[in-house]
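Visitor: Sequence plus the predicted model coming up.
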Amino acid sequence: MEFYLQTLTLDGTDGWTFQLDAGGGFVTRLSELNGSSHGWQLYHYDLASGELVSNLRMRFQFRGGSADERIDLDQISVVIVSGGTSSNDRRDVRRRRPRRRCGWRWRVRGADSAMPAAAVVRYYVVATDGTGQVATNPTGAPDETYSYIVGGRTVGLFFNTAGAFAGYTLFAPKHYTRTYLVNNDGRLVHTWDSAYEPGQSVYLLENGHLLHACFTQGALTGGGEGGRVEEYDWDGNLVWEFNYSSDQYMSHHDIRPLPNGNVLLLVVEKKSYAEVIAAGFDPGLLDLEVQQTGYMLPDSVVEVQPVGSSGGNVVWSWHVWIT
């Protein structure tokens, strides 16, 4: 997949992301979120084998908002593949340059999953500002053109009613290394940056520090995303870090700060197939994945007492697997 893009008068973390959804949710494949401004550039992405599916979805997301900020997108091209072999026909999916403020989202979807290799499909994406416009094909567009519409606001504050809790919202977007604190007016209050994606929880402590579970992409897979916990002060300085990941165990998903200053971690523990059978499991009733991978990942909970700026002691634990 290829497309041309130019950015004008961006700053800060303004920019764009190109995302694909092969059935498990949208994942960022290409991005520029550093406020860089440049003329037209060609961007290229080769689809992974798992993305060669008939229901693949594609979208672009833009961040910004000032009246003078602008991102132009033009000439999205794809090579339609069949049986893992790409055709030599590269087709223009879109040739019009949208001139919209950053902060809008366009989504492009395939119109017919049964289209043959080298099929010609031209997409014209129509964006509106919630005024009730209807998606229509441009005058003179070929019969195989499909238009889609982004109706209404897609980012920012949607509503803030009297029933909303009078406080702040803390969130860490998946597959992104920045954590946000916003108020009920949708205004940004604070951010923290980490070298790691979330894995998957963040907590704001009473002293204003951020407790951040991290996704380390460690040796043990299949039990979730995690392996590390970090604590940052309000100014973004890393004041404590603790890694809990090996080829036999890994913290995952959620953490919980305790009143005594310790931290609870959810942890998966690796048990070999031989241990599973020895423990009395019926092989005929086991999940196929256990047989294929050769291990099971039962859960446990550990309580960690922070030590210094790096490290900690496990002072208590509870295990699903009892030996």
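Guide: Thanks, I have it.
Visitor: what's around the nearest residue to Gly12 once chain neighbours are set aside, how many residues?
Guide: Using C-beta to C-beta, 6 or more residues apart in numbering and skipping residues adjacent in sequence, the residue nearest Gly12 is Gly35, 4.8 Å away. Yep, even glycine has a C-beta here, placed from its N, CA and C like the rest. For Gly35, the count of nearby residues is 16 (other C-beta atoms under 10 Å).
Visitor: same check, this time on Gly39
Guide: Gly39 has 10 neighbours, counted by other C-beta under 10 Å.
Visitor: Tell me where the stretch 151-300 of the chain has helices.
Guide: 273-278, 288-293 (DSSP state H, counting those that start in this stretch).
Visitor: where along the stretch 101-250 of the chain do the strands fall?
Guide: Secondary structure of the stretch 101-250 of the chain by DSSP state E, counting those that start in this stretch: the strands cover 105-109, 123-127, 146-150, 168-171, 178-183, 188-193, 197-204, 210-215, 227-232, 238-243, 249-257.
Visitor: most tightly surrounded among the helices of the stretch 151-300 of the chain?
Guide: The highest mean neighbour count among the helices of the stretch 151-300 of the chain, using mean count of other C-beta atoms under 10 Å, belongs to helix 273-278: a mean of 14.
Visitor: His190 pairs with what?
Guide: Beta-bridge partners of His190, counted by DSSP bridges, are Leu181.
Visitor: Number the residues from 543 up from this point.
Guide: With 543 as the first residue, the last one maps to His732.
Visitor: Enumerate every residue touching Phe784.
Guide: Listed by C-beta atoms under 8 Å, 6 or more residues apart in numbering, the contact partners of Phe784 are 770-772, 805, 846, 848, 852-854.
Visitor: Closest to Arg798 out of those residues?
Guide: Val805 (7.0 Å; C-beta to C-beta).
Visitor: Tell me how this structure divides into domains.
Guide: Per the record, the chain has its domains at 544-692, 710-861, by automatic domain parsing.
Visitor: of all the ones you listed, which lies closest to Phe701?
Guide: Across the domains of the chain, the minimum distance to Phe701, taken as C-beta to C-beta, is reached by domain 710-861, at 9.9 Å.
Visitor: Tell me how many other residues crowd the closest residue to Gly854 other than its chain neighbours.
Guide: Excluding the flanking residues, the one nearest Gly854 by C-beta to C-beta, 6+ apart is Val846, at 4.2 Å. For Val846, the neighbour count with other C-beta under 10 Å is 22.
Visitor: Right, I'll call it a day here.
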